[in-house]
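Peer 1: Sequence first, then the predicted structure, then my questions.
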Amino acid sequence: MKKMVLGLSVIALTALLGSASAAEISISCGAVAGELKLCQDGSAAWAKKTGNTVKVVQTPNDTNDRLALYQQSLAAKSSDIDVYQLDVVWPGLLGQHFIDLKPFFTKAEIATYFPRIISNNTVGGKLVGIPWFTDAGLLYYRSDLVKKYGLNAPKTWDELQTAAVKIQEGERKAGNAGFQGFVFQGKNYEGLTCDALEWVFSYGGGTIVDNSGKITINNPKAVAALKEAASWVKGISPEGVTTYAEEDARGIFQAGNAAFMRNWPYAWAKGQDNESKVKGLIGVVPLPKGGADGQNAATLGGWQLGVSKYSKNQKIAADLVKYLAGPEEQKRRAIEGSYNPTIASLYKDADILKAAPFFGSLYDVFTNAVARPSSPTKGKYNQVSNAFSSSVHDVLIGKSTAEDALSSLASQLERIKGRRWQ
């Protein structure tokens, strides 16, 4: 098989001080919003410090597309990429292709990272990924408009719908005909799995598959959650929301054309840019509960850095990982891009809290986020997620009722599981 990264956008970052023994290390980086530049800048700083060269490989924004590229490259045992950026749900799926990073860190250094994520990234006793940044879904809102219409930040999904209707009607009457009440990630991809898991869990409908491996998604509370979400489309949300990923939703909200938005923490820093029409007018709170007896739910996201076992420079690649995931670099990324640190002590850092105040007030949201069922479903998680997001998407576009979609999904998941998850 030919090398898989040749068609990707590649940016070389070379050290100012060359060395006869210097190595070129390639790293795959995401490109959502300012993510790519942050990766480039951090890699360039390490290159300058060590005398090595870094080649930054830009991968697709869509996590499903990125995973497909990774799987092809790793299956071919390609050495084109030394350091991979890994979604929090991928260690179990891809872990066999990555080296154990424990020998490159002291026990004290590993102990500085969130234990739950270290546990998540440990596969067969190997630490296959160092936590780089963590994520959890948040509700962004226009603080000026909430005040203008005499409202409060919503605590339940029903309250969100009521507030969104009121603001949407008022702003449209005031002349903004395209104003929307609520935007989110409704495209059929991993992002919809994250959003829909939040809806379902907030209603008490579980996590698709529970920790014991039992398929639990076909239940009345999950049905109620999807019915509510479907009612938003062509109501408080545009019909096109069923094609939106993170950047689509952020673009509308940041342009001043939406009252509420579900997104990840990175959207805060982008919303404070000088070109943002809502700079200084954004509030952030936990995502709503599914009714008075429901619970707040934020899907656990985040990315890790792992070293391919096919890398020809594993030791040097591990040093790059150690630098990028270290406290100094995580602090810079938190301040410049509002990327959540994976080192607990940084949530008390005054500079970080000044740049992203909600890191302190919503600390519990980030540390108690709901995990997608990648652990119990093991290597079949991607099939489970695709089936779930497709079923939810069918409900959002009116192709299926919530009852029929979840009943069919449960049967489909039983077929994917077979005798057992493996």
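Peer 2: Structure received.
Peer 1: And the strands in the stretch 51-200 of the chain?
Peer 2: 53-58, 83-87, 122-123, 126-127, 130-136, 138-142, 180-183 (DSSP state E, counting those that start in this stretch).
Peer 1: Those strands: which one's closest to residue 114?
Peer 2: Residue 114 lies closest to strand 130-136 among those, at 6.4 Å (C-beta to C-beta). From N, CA and C alone the C-beta is placed, and that goes for glycine too.
Peer 1: And the closest one, what does it pack against?
Peer 2: Packing partners of strand 130-136 (3 or more C-beta pairs under 8 Å, 6 or more residues apart in numbering; DSSP states H and E): helix 115-120, strand 300-307, helix 314-324, helix 327-337, helix 363-367.
Peer 1: got the buried residues for stretch 98-116?
Peer 2: 98-102, 104-105, 110, 112-114 (16 or more other C-beta atoms under 10 Å).
Peer 1: what do you get for stretch 57-73?
Peer 2: For stretch 57-73, by 16+ other C-beta under 10 Å, it's 57-59, 61-64, 66-67, 69-71, 73.
Peer 1: next structured bit after the worst-scoring helix or strand of the chain on mean pLDDT?
Peer 2: Sorting the helices and strands of the chain by mean pLDDT, DSSP states H and E puts strand 9-14 at the bottom, at a mean of 53. Proceeding N to C from strand 9-14, the next assigned helix or strand is strand 24-29, under DSSP states H and E.
Peer 1: Extract the CA atoms of whichever helix or strand comes after that following strand and return them as PDB.
Peer 2: Using DSSP H and E, the helix or strand that follows strand 24-29 in sequence is helix 35-50. Listed next in PDB are the C-alpha coordinates belonging to helix 35-50 (Å, rounded to 0.1, in the frame of the first residue of the first chain):
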ATOM      1  CA  GLU A  35      -6.000  24.300  16.500                       C
ATOM      2  CA  LEU A  36      -3.500  23.900  13.600                       C
ATOM      3  CA  LYS A  37      -1.500  27.000  14.400                       C
ATOM      4  CA  LEU A  38      -1.300  26.200  18.100                       C
ATOM      5  CA  CYS A  39       0.100  22.800  17.100                       C
ATOM      6  CA  GLN A  40       2.500  24.400  14.600                       C
ATOM      7  CA  ASP A  41       3.700  27.000  17.200                       C
ATOM      8  CA  GLY A  42       4.200  24.400  19.900                       C
ATOM      9  CA  SER A  43       6.100  22.000  17.600                       C
ATOM     10  CA  ALA A  44       8.300  24.900  16.300                       C
ATOM     11  CA  ALA A  45       9.200  25.800  19.900                       C
ATOM     12  CA  TRP A  46      10.300  22.200  20.600                       C
ATOM     13  CA  ALA A  47      12.200  22.000  17.300                       C
ATOM     14  CA  LYS A  48      14.100  25.200  18.200                       C
ATOM     15  CA  LYS A  49      14.900  23.800  21.700                       C
ATOM     16  CA  THR A  50      16.100  20.400  20.500                       C
END
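Peer 1: by how many degrees do helix 35-50 and strand 24-29 diverge?
Peer 2: Put simply, helix 35-50 runs at 160 degrees to strand 24-29, going by axes from the mean of the first three to the mean of the last three C-alpha atoms, to 10 degrees.
Peer 1: Domains in the protein, by residue range?
Peer 2: Per the record, the chain has its domains at 9-135+301-367, 138-285, by automatic domain parsing.
Peer 1: In contact with residue 64, which residues?
Peer 2: Under the criterion of C-beta atoms under 8 Å, 6 or more residues apart in numbering, the neighbours of residue 64 are 189-190, 386.
Peer 1: er, residue 140 I mean
Peer 2: The contact partners of residue 140, by C-beta under 8 Å, 6+ apart, come to 253, 260-263, 267-268, 271, 282-284.
Peer 1: That one - nearest residue in space that isn't next to it in sequence?
Peer 2: residue 261 (4.4 Å; C-beta to C-beta, 6 or more residues apart in numbering).
Peer 1: Quick check: what element follows the helix or strand where the one you found lies along the chain?
Peer 2: If you go by DSSP H and E, residue 261 is part of strand 258-263. Sequence order places helix 266-271 as the next helix or strand after strand 258-263, per DSSP H and E.
Peer 1: what does that following helix contact?
Peer 2: Taking C-beta under 8 Å, 6+ apart as the rule, helix 266-271 contacts 32-35, 135, 138, 140, 246, 250, 253-254, 261, 276, 278-279, 282, 284, 336-339, 355-356, 358.
Peer 1: Using JSON lines, lay out the helices and strands packed on strand 130-136 together with distance to residue 172 and mean pLDDT.
Peer 2: Output for the helices and strands packed on strand 130-136, formatted as JSON lines (distance: least, C-beta to C-beta, whole Å; pLDDT from 0 to 100):
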{"stretch": "helix 115-120", "distance to residue 172": "43", "mean pLDDT": "94"}
{"stretch": "strand 300-307", "distance to residue 172": "33", "mean pLDDT": "97"}
{"stretch": "helix 314-324", "distance to residue 172": "45", "mean pLDDT": "98"}
{"stretch": "helix 327-337", "distance to residue 172": "33", "mean pLDDT": "97"}
{"stretch": "helix 363-367", "distance to residue 172": "32", "mean pLDDT": "93"}
